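>>> model this:
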Amino acid sequence: MTELNFIDGAHRAGSGSETLTIVDPSTGETVATGASANATDVAEAVAAARRAFSDWSRRTPGERSDIMLAWADLLEARAEEIAALESRQGGKPIRLAEGFDIPGSIDNVRFFAAAARNLEGKASAEYSAEHTSSIRREAVGVVGSIAPWNYPLQMAAWKALPAVAAGNTIVLKPSELTPLTSLIFAETAHEAGMPAGVFNVVTGTGAEVGAALVEHPDVDMVSFTGSTRVGREIGAKAAGAVKRVHLELGGKAPFLVFDDADLEAAARGAVAGALINGGQDCTAATRAYVQRPLFDDFVARVAELMESVRIGAAGDPETDLGSLISIAHRDKVAAMVDDAEANGAKIVCGGEIPGDAPEGTAFYRPTLITGAAQDSTIVQEEVFGPVLVALPFDTDDEGIALANDTPFGLAASAWSTSVFRTQRASREIQAGCVWVNDHIPIFSEMPHGGYKASGFGKDMSQYSFDEYTNVKHVVSDITAAAHKEWHDLIFTSDQG
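Have a look, this model is predicted:
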């Protein structure tokens with residue numbers, strides 16, 4: 001049995017009665033088992049974080065930075081081990097874990113180690129004749145973070161790094177399906193010199209452990225990445241206690257192809273953007289709007305590329321597309337595709353479980369759909385699987401309007417050889433990120449976060465410190481006078 005919690009600087013077994021089983025959904029093999037946490041474990045983790053806060057928040061930025069740089073080195077030394085575990089616990093292709101998830105997370109650590117020493121604020125100055133004003137950025141306190149299963153280590157990093165770099169302490173609840181690399185993440189932070197209690201991990205279900213974390217009175221802020229439905233519930237609970245909230249929620253990214261686009265580049269970008277991580281990515285390309293002169297050729301080329309994708313076990317370096325996270329999730333994706341077909345859409349390719357898929361695995365073929373109505377479920381709601389819907393449009397105005405025609409606004413891309421078209425699209429598409437002639441790349445230095453029902457607040461970049469710090473205005477008198485001019489608003493002249 002694996003100890004699935006890291007509390008106050010030590011691995012611990014959960015106190016709950018439920019046994020969690022972590023499975024490689026691309027093979028059906030058990031990776032680890034362990035006892036679930038419960039509200040008692042959450043309370044112990046929050047208490048540890050509260051005790052650690054006073055010391056950690058008073059460390060100089062340079063001290064925190066040095067520890068984080070050492071942390072990055074420890075992660076890098078174990079990168080191969082971490083990548084293998086990340087691949088197995090989620091059915092993720094090993095090439096993706098080794099080339100994207102793990103190096104990206106280590107780069108995040110190094111970025112925030114530097115960013116910790118560069119907190120921004122307005123210049124100290126005299127904004128009145130009698131006072132000097134200055135700005136302090138201060139840590140919020142104990143942060144309760146809830147991370148999803150699709151990018152376990154990266155999402156743990158996005159949650160933890162700006163928080164601890166700014167002087168907060170954290171209790172992280174990873175998904176109970178994929179907690180293993182988050183535990184290594186916390187363990188290596190402690191080994192690097194981060195004091196006990198600064199970074200804690202509790203593993204259990206959202207209904208029990210997540211709810212206990214959100215509702216705990218000593219948690220000052222809640223940061224959540226996941227579905228919009230759950231985000232609304234968490235936001236409502238946190239609002240009742242007037243807690244700060246950061247929500248990175250679902251997406252339904254449009255992939256807008258104008259008629260002067262490079263067809264081959266767009267087709268390859270669409271397939272890569274739709275299938276990354278099995279499509280289990282909130283920024284994945286899900287709605288390809290293609291101007292009518294290119295539409296048929298685009299559909300044909302995308303289908304050809306999708307058919308060439310190699311499906312297989314996560315640990316095989318030849319695998320392009322691993323499995324979905326679970327059989328239950330695969331069945332949800334399949335049901336949405338079946339519903340689209342029943343309502344008149346055409347399945348151009350895919351739309352089925354591979355016939356040779358081993359028992360107990362969660363594979364689903366890359367799927368391209370045409371003929372769906374703009375108001376249909378497959379177009380409007382997040383599928384979170386290897387499914388791309390292609391729809392034609394005629395005018396530029398129509399294409400941009402269709403791109404904005406969902407409740408979501410996390411990411412989008414625009415494809416054209418005209419700088420004027422892509423600039424217009426980047427201005428008018430309502431999303432937190434708009435890629436031009438590409439789809440998916442992210443960088444530690446730049447922010448990630450959404451508009452509309454995709455949530456609010458930023459991960460990564462210097463902007464994320466806005467989420468994890470309080471801004472304090474300090475006002476100092478510079479006159480040494482007992483009588484201030486503004487006192488005349490209160491005292492009459494004959495009162496002394």
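>>> Kindly confirm my reading that residue 491 is in a strand.
No - assignment of residue 491 by DSSP: H, G, I helix; E, B strand; the rest coil gives coil, placing it outside any strand.
>>> what number of residues lie near it?
By the criterion of other Cβ atoms under 10 Å, residue 491 has 10 neighbours. C-beta coordinates here come from the backbone N, C-alpha and C atoms, glycine included.
>>> For it, give its distance to residue 480.
19 Å (Cβ to Cβ, to the nearest Å).
>>> What of residue 418?
Counting by Cβ to Cβ - residue 418 and residue 480 are separated by 64 Å.
>>> do residue 128 as well
With Cβ to Cβ as the criterion, residue 128 and residue 480 are 15 Å apart.
>>> Could you do residue 71 as well?
As judged by Cβ to Cβ, residue 71 and residue 480 stand 47 Å apart.
>>> When the two are compared, which one has more neighbours?
residue 71 (26 against 5).
>>> mind listing what that one touches?
Neighbouring residues of residue 71 by Cβ atoms under 8 Å, 6 or more residues apart in numbering: 109, 113, 188, 189, 192, 194.
>>> what about the helices in the stretch 1-150 of the chain?
39-58, 61-77, 79-90, 94-96, 102-115 (DSSP state H, counting those that start in this stretch).
>>> Kindly report the same for the stretch 151-300 of the chain.
Secondary structure of the stretch 151-300 of the chain by DSSP H, counting those that start in this stretch: the helices cover 152-165, 180-191, 211-215, 228-240, 263-275, 292-307.
>>> Could you say which of those helices is packed most deeply?
Most buried of the helices of the stretch 151-300 of the chain, by mean neighbour count (mean count of other Cβ atoms under 10 Å): helix 152-165, with a mean of 27.
>>> pLDDT score assigned to residue 494?
Model confidence at residue 494, given as pLDDT, is 65.
>>> Now do the residue lying closest to residue 388 once chain neighbours are set aside against residue 295, distance only.
The spatial neighbour of residue 388 that comes closest, neighbours along the chain excluded (Cβ to Cβ, 6 or more residues apart in numbering), is residue 274 at 4.1 Å. For residue 274, the distance to residue 295 equals 16 Å [Cβ to Cβ].
>>> count of neighbours near residue 341?
Count around residue 341 with other Cβ under 10 Å applied: 15.
>>> before we move on, which element is the nearest residue to it once chain neighbours are set aside in?
In space, and not counting its chain neighbours, residue 341 is closest to residue 347: 5.6 Å by Cβ to Cβ, 6+ apart. Using DSSP states H and E, residue 347 sits in strand 346-349.
>>> Buried ones in the next helix or strand after that strand, by neighbour count?
Per DSSP H and E, strand 346-349 leads on to strand 367-370 as the next helix or strand towards the C-terminus. In terms of neighbour count (16 or more other Cβ atoms under 10 Å), strand 367-370 has its buried residues at 367, 368, 369, 370.
>>> Check which strands are paired with strand 367-370 and give the direction for each one.
Using DSSP bridges, strand 367-370 pairs in its sheet with strand 346-349 (antiparallel), strand 387-393 (parallel).
>>> quick one, which of these is nearest to residue 148?
strand 387-393 (18.5 Å; Cβ to Cβ).
>>> any residues touching the closest one, and which ones?
With Cβ under 8 Å, 6+ apart as the criterion, strand 387-393 contacts 255, 270-271, 274, 279, 285-292, 295, 298-299, 302, 333, 336-337, 340, 345, 348, 350, 367-370, 372, 374, 378-379, 399, 402.
>>> Among the helices of the stretch 1-150 of the chain, which comes closest to residue 307?
Ranking the helices of the stretch 1-150 of the chain by distance to residue 307, with Cβ to Cβ as the measure, places helix 94-96 first at 19.6 Å.
>>> what's that closest one in contact with?
Applying Cβ under 8 Å, 6+ apart, the contact partners of helix 94-96 are 83, 84, 87, 276, 277, 314, 315, 316, 317, 319, 322.
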